[in-house]
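Participant: 3D model of this:
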Amino acid sequence: MALFHADADEHSTDPSLTPRFGRVRLRTLIVLRWLAVTGQTLTVLGVHFGLGFDLPLALCLLAIAASAALNLVISLTQPVQRFASERESFAQLAYDVFQVLALVSLTGGTANPFAFVVAAPVLIGVAALPVRWWMTLAALTIAGSLAMSVWHLPLPWHESAGLLELPALYRTGLWLALVITIAFTAFYAWRVGSEARRMGAALAATQSVLAREQRLSALGALSAAAAHELGTPLATIQLTAKEMARALKDPELREDAALLVSQAERCRDILKRLSQAPSDSDQMHDRIALGDLLEEAAAPLNGLGAPVIISLPPGEDMPRLRRRPELIYALGNFVENAVDFGRAEVSLSASWSPTEFTITLADDGPGFPADILSKLGEPYISTRRNQAGPGGLGLGVFIATTLIERLGGTVRFENRPGRSGALVEMRLPRARLELEA
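Facilitator: Modelled structure (predicted):
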């Protein structure tokens with residue numbers, strides 16, 4: 001099991017589960033720009049009139065008015081509820097960058113404490129745009145900040161203190177700090193957002209698996225209801241056929257009527273079996289011994305690869321569990337991968353303590369690759385890159401791990417110490433799974 005792959009369902013990509021980028025409404029961009037216009041106006045007026053600094057007020061208000069005018073034009077000419085395209089989002093955010101750069105250049109350039117606000121449109125771009133677009137936006141912002149550090153008006157200051165001129169080395173340090181802030185925050189926001197999108201898509205796939213299991217359970221109930229409904233008309237057919245067999249004189253017709261009776265009786269037997277609840281037809285359906293659970297998970301995979309050897313503690317009373325489809329599915333997924341990548345045999349064992357069950361799965365394959373061992377259990381971590389044939393989406397281990405954790409358990413992955421192969425250890429709470437004696 002050194003290498004894991006997704007199950008068969010994961011080879012077909014569902015577009016609804018694919019993370020989408022560039023999906024931001026025009027209204028969102030307009031609202032954010034109105035917030036910027038409000039904040040910029042209050043700051044400029046507060047600094048000029050409240051603190052008494054001599055700002056180029058007309059030019060500053062003109063730059064702010066340009067953003068307000070753009071918002072009004074978009075609001076009047078475009079349906080603001082629609083999603084903006086990637087190019088539209090990029091163009092609007094690029095405008096916001098250059099508007100902030102122009103406003104800061106009018107008020108001291110990188111020496112202005114508000115210079116770092118220029119990183120805000122980049123962060124919005126990271127959340128709303130694909131990588132190529134937000135990286136272009138970040139590059140434009142860094143280039144614009146370099147130009148701003150060279151061409152800018154002096155930093156406004158009190159006339160009594162004279163002109164405040166910062167040393168060139170200090171101004172260079174401020175620009176580098178601005179560049180580092182833009183680069184680091186953009187990368188950090190992209191990494192966090194990417195993980196969130198991947199996790200959301202993977203959880204959607206997990207919900208799809210659980211919904212499929214629930215549909216299968218519902219199908220059993222539907223078949224029982226259908227059997228009950230069909231019982232009455234079938235009984236009528238059988239009764240009529242018997243009456244016909246008694247009334248007919250022709251031997252061939254009586255033989256045909258008798259055939260109808262026998263087939264109707266056969267149909268009633270089939271419907272009777274369908275109408276029985278699983279617990280009526282199989283006493284092990286709602287409860288299963290721990291050893292039988294391992295057998296059920298491994299049985300479909302024997303003969304498809306390395307044989308699965310099941311071992312249990314001798315001479316101990318076998319715990320009996322509630323049948324949980326998610327546990328069987330998760331264990332089967334792990335066993336499938338072990339069989340696929342094991343060489344000679346796969347070992348599946350179980351033990352228990354007063355508080356928990358421990359299920360251990362080990363193979364003699366090549367072991368987990370070191371570069372993904374710490375990431376196993378995360379979505380879209382696929383290690384079939386060196387295997388022939390199509391690879392999965394990397395959701396198999398994530399789904400199985402999520403199902404185990406949903407039952408209150410934990411999963412640990414490691415390479416077998418001192419020998420070739422991989423090991424997966426699952427710990428599950430007895431209180432959640434075990435049936436009371």
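
Participant: what about the stretch 1-150 of the chain, any weak spots by pLDDT?
Facilitator: 1-23 (pLDDT under 70).

Participant: try 90
Facilitator: Within the stretch 1-150 of the chain, the ranges that satisfy pLDDT under 90 run 1-33, 36, 40, 43-44, 46-58, 75-92, 96, 100, 104-139, 141-150.

Participant: just the helices in it please.
Facilitator: 26-45, 57-77, 86-105, 119-128, 131-150 (DSSP state H, counting those that start in this stretch).

Participant: would you turn the ones you listed into TSV with mean neighbour count and distance to residue 320?
Facilitator: Glycine gets a C-beta too; all of them are placed from N, C-alpha and C. Formatted as TSV, those follow (neighbours: other Cβ atoms under 10 Å; distance: least, Cβ to Cβ, whole Å):
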stretch	mean neighbour count	distance to residue 320
helix 26-45	17	55
helix 57-77	15	66
helix 86-105	21	57
helix 119-128	22	50
helix 131-150	18	52
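
Participant: export these to JSON lines and tack on distance to residue 415?
Facilitator: Shown next, in JSON lines, are the helices of the stretch 1-150 of the chain (distance: least, Cβ to Cβ, whole Å):
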{"stretch": "helix 26-45", "distance to residue 415": "47"}
{"stretch": "helix 57-77", "distance to residue 415": "57"}
{"stretch": "helix 86-105", "distance to residue 415": "43"}
{"stretch": "helix 119-128", "distance to residue 415": "36"}
{"stretch": "helix 131-150", "distance to residue 415": "33"}
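
Participant: what's the closest of those helices to residue 434?
Facilitator: With respect to residue 434, and counting by Cβ to Cβ, the nearest of these is helix 119-128 at 45.8 Å.

Participant: helices or strands up against that closest one?
Facilitator: Helices and strands touching helix 119-128, by 3 or more Cβ pairs under 8 Å, 6 or more residues apart in numbering; DSSP states H and E, are helix 86-105, helix 131-150, helix 168-247.

Participant: adding distance to residue 306, write those out as TSV.
Facilitator: Formatted as TSV, those follow (distance: least, Cβ to Cβ, whole Å):
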stretch	distance to residue 306
helix 86-105	48
helix 131-150	41
helix 168-247	25
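
Participant: between these, which one is closest to residue 123.
Facilitator: The nearest among the helices and strands packed on helix 119-128, by Cβ to Cβ, is helix 168-247 at 5.3 Å.

Participant: using the three-state scheme, assign residue 425.
Facilitator: strand (DSSP: H, G, I helix; E, B strand; the rest coil).

Participant: in the sheet, who's paired with it?
Facilitator: Residue 425 forms beta bridges with residue 360, residue 412, as assigned by DSSP bridges.

Participant: tell me how far it lies from residue 292.
Facilitator: Using Cβ to Cβ, to the nearest Å, residue 425 is found at 21 Å from residue 292.

Participant: also residue 232?
Facilitator: 38 Å.

Participant: compare the two (neighbour count), which wins?
Facilitator: Neighbours per residue, other Cβ atoms under 10 Å: of residue 232 and residue 292, the larger number sits with residue 292, 16 against 9.

Participant: how about the helices of the stretch 1-150 of the chain, which one is nearest residue 305?
Facilitator: Residue 305 lies closest to helix 131-150 among those, at 38.8 Å (Cβ to Cβ).

Participant: hmm, residue 300 is touching residue 333, no?
Facilitator: No: applying Cβ atoms under 8 Å as the test, residue 300 and residue 333 come out as separate, 11.6 Å apart.

Participant: quick one: which of those two has more around it?
Facilitator: Shown here are residue 300 and residue 333; by other Cβ under 10 Å, residue 333 has more neighbours (23 against 12).

Participant: before we move on, what SS does the more buried one have?
Facilitator: Assignment for residue 333 (three-state DSSP): helix.

Participant: return the distance of residue 307 relative to residue 336.
Facilitator: From residue 307 over to residue 336 (counting by Cβ to Cβ), the distance is 14 Å.

Participant: again with residue 119
Facilitator: 47 Å.

Participant: need the contact partners of stretch 175-187.
Facilitator: For stretch 175-187, the surrounding residues in contact (Cβ atoms under 8 Å, 6 or more residues apart in numbering) are 110, 115-116, 118-119, 122-123, 126, 134, 138, 141-142, 145-146, 149.

Participant: now stretch 409-425
Facilitator: So stretch 409-425 is contacted by 1-2, 334, 338, 341-342, 358-368, 373, 376-377, 400-401, 404-405, 426-429 (Cβ under 8 Å, 6+ apart).

Participant: show me the strands in the stretch 251-400 of the chain, by range?
Facilitator: 287-289, 308-311, 320-322, 346-352, 356-363 (DSSP state E, counting those that start in this stretch).

Participant: quick one: which of those strands is nearest residue 46?
Facilitator: Between residue 46 and the strands of the stretch 251-400 of the chain, the tightest spacing by Cβ to Cβ is seen for strand 356-363, at 61.8 Å.

Participant: what about the closest one, average pLDDT?
Facilitator: The average pLDDT for strand 356-363 rounds to 88.

Participant: in it, what's buried?
Facilitator: 356, 357, 359, 360, 361, 362, 363 (16 or more other Cβ atoms under 10 Å).

Participant: can you check stretch 168-178 too?
Facilitator: Buried, per 16+ other Cβ under 10 Å, within stretch 168-178: 171, 174, 175, 178.

Participant: and the residue nearest to the second one when sequence neighbours are not counted, how many residues sit next to it?
Facilitator: If I follow you right, that is residue 174. Excluding the flanking residues, the one nearest residue 174 by Cβ to Cβ, 6 or more residues apart in numbering is residue 110, at 4.3 Å. Residue 110 has 27 neighbouring residues, counting by other Cβ under 10 Å.

Participant: ok, residue 110 - contacts?
Facilitator: Residue 110 neighbours (Cβ under 8 Å, 6+ apart): 104, 145, 148, 149, 152, 171, 174, 175, 178.

Participant: distance check, residue 343 against residue 269.
Facilitator: Taken as Cβ to Cβ, the span from residue 343 to residue 269 is 48 Å.

Participant: between the two, which has more neighbouring residues?
Facilitator: residue 343 (14 against 10).

Participant: spatially nearest residue to that one (excluding sequence neighbours)?
Facilitator: residue 364 (5.0 Å).

Participant: that neighbour: how many residues sit nearby?
Facilitator: Other residues within reach of residue 364, judged by other Cβ under 10 Å, total 21.

Participant: which residues does residue 351 form a beta bridge with?
Facilitator: In beta-bridge terms (that is, DSSP bridges), residue 351 pairs with residue 358.

Participant: report how many residues lie close to it.
Facilitator: Residue 351: 14 neighbours (other Cβ under 10 Å).
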